[in-house]
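Peer 1: build me a structure from this.
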Amino acid sequence: MNFGSVEAGGTKFVCAVGNEQNQVLDSVHFATTKPDETLSNVISYFRMHPVGAIGLASFGPLELNPARAHFGYITDTPKSGWRQTAIAPIIHQALHVPVFITTDVNGSAFGEYKVRHLDKSVASLVYYTVGTGVGAGIVQNGKFIGRLGHPEMGHVFVKRHPADLNFKGICPFHGDCLEGLISGPSIQARKGVPGQKLQLEDPVWEVIGYYLSQALLQVTLTIRPDSIVIGGGVASPQLIAKTRDSFAKLLNGYVQVPPLEQYTWIIHLGIWDMKSHLVGLKATFGALRILTERRSW
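Peer 2: As a prediction, the model looks like this:
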């Protein structure tokens, strides 16, 4: 049986068809616009490429409790126009196949886990995405972490950088939480240009690295994962280098971790390009995993 995958991002959607050998057979991407238009594109794609089930890895927050009335919905997202969108029910009702839903970062986290677990060296992994928003997924021994709901690790608070105290942050819920301080829109708010166009030598990257390193420190001391992977449009080799330097200073040798070049990885295929096929592959891995979780519409 072929599986469908949907990587539903705040900027773009990636739809793909994969098989049980985790091979991507076809994929397409399009911009995230209004819900009606975007979901219509998803439905049209899978009508042309029929599948037996769909794994949906979406931006959130999501309602993932099957006992609740809004199971499968995007709930109180800051993305304009998408609050209370019945994303999984709409796709299921149009295509009449099971739709298995989790967060976008959970789908990516499981894909990374599957790839890095091949040699049995990684049993636990944390995946952060830093882009339009900030989120993270955790896989421990092949299972997602989170029972009442999915982790919201992009909305933790971090210690402010001395050079950044006047910036209030852009999160509509929390102001200067992690997402409010390091997401792409936060860079635009500070500098007046998108992060993609900001020089990599700009001092703001030192600030972003300081905040991101605190998030990695928190998850290191709380979860003690084998590996941390960072993706998303804001990530760059230069930013990760600054993050590693700051992380080492903050950790200060308190616990043992692998060499940072092995412990913290970056998914970075072209400085500002996540590559549709890779994202589709990760979402296909997620689809296969979510099938066993039976969180479906």
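Peer 1: hey, which helix is longest across the protein?
Peer 2: Across the chain, the longest stretch assigned as helix under DSSP state H is helix 204-223.
Peer 1: output the contacting helices and strands for that one.
Peer 2: Using 3 or more C-beta pairs under 8 Å, 6 or more residues apart in numbering; DSSP states H and E as the contact criterion, the neighbours of helix 204-223 among helices and strands are strand 124-130, strand 134-140, helix 178-182, helix 184-191, strand 227-231, helix 237-251. For glycine as for every other residue, the C-beta is placed from the backbone atoms N, C-alpha and C.
Peer 1: how about it: buried residues?
Peer 2: Applying a neighbour-count criterion of 16 or more other C-beta atoms under 10 Å, one finds 204-217, 219-220 buried in helix 204-223.
Peer 1: now do the SS call for Val234.
Peer 2: With DSSP: H, G, I helix; E, B strand; the rest coil as the basis, the three-state label of Val234 is coil.
Peer 1: need phi/psi at Arg116.
Peer 2: Here the main-chain torsion angles of Arg116 (degrees, to the nearest 10) amount to phi -80, psi -10.
Peer 1: what's the pLDDT at the residue nearest to it when sequence neighbours are not counted?
Peer 2: For Arg116, ignoring the flanking residues on the chain, the nearest one in space by C-beta to C-beta, 6 or more residues apart in numbering is Val122 at 4.1 Å. Val122 carries a pLDDT value of 89.
Peer 1: hang on, Val122 is in a strand, isn't it?
Peer 2: No: Val122: not assigned to a strand; according to three-state DSSP it is coil.
Peer 1: so who does it touch?
Peer 2: Tyr113, Arg116, Asp226, Ser227 (C-beta atoms under 8 Å, 6 or more residues apart in numbering).
Peer 1: backbone phi and psi for it, please?
Peer 2: Here is the backbone geometry of Val122 (degrees, to the nearest 10): phi -120, psi 110.
Peer 1: can you classify the residue at minimal distance from the centre of the chain by secondary structure?
Peer 2: Averaging the C-alpha coordinates of the chain gives a centre point, and the residue nearest to it by C-alpha atoms, centre = their mean is Val105 (2.9 Å). The local conformation at Val105, judged by three-state DSSP, is helix.
Peer 1: bridging residues for the residue lying closest to it once chain neighbours are set aside?
Peer 2: Distances taken as C-beta to C-beta, 6+ apart put Gly137 closest to Val105, at 3.8 Å, once the chain neighbours are dropped. With DSSP bridges applied, the residues forming beta bridges to Gly137 are Tyr127.
Peer 1: give me every residue that touches Gly137.
Peer 2: With contact taken as C-beta under 8 Å, 6+ apart, Gly137 is in contact with Thr103, Val105, Asn106, Gly107, Ser108, Ala109, Phe110, Val126, Tyr127, Phe144, His150, Pro151.
Peer 1: look up the residues forming beta bridges with the closest residue to Val6 other than its chain neighbours.
Peer 2: Using C-beta to C-beta, 6+ apart and skipping residues adjacent in sequence, the residue nearest Val6 is Leu56, 4.7 Å away. Beta-bridge pairing of Leu56 under DSSP bridges involves Val6, Ile101.
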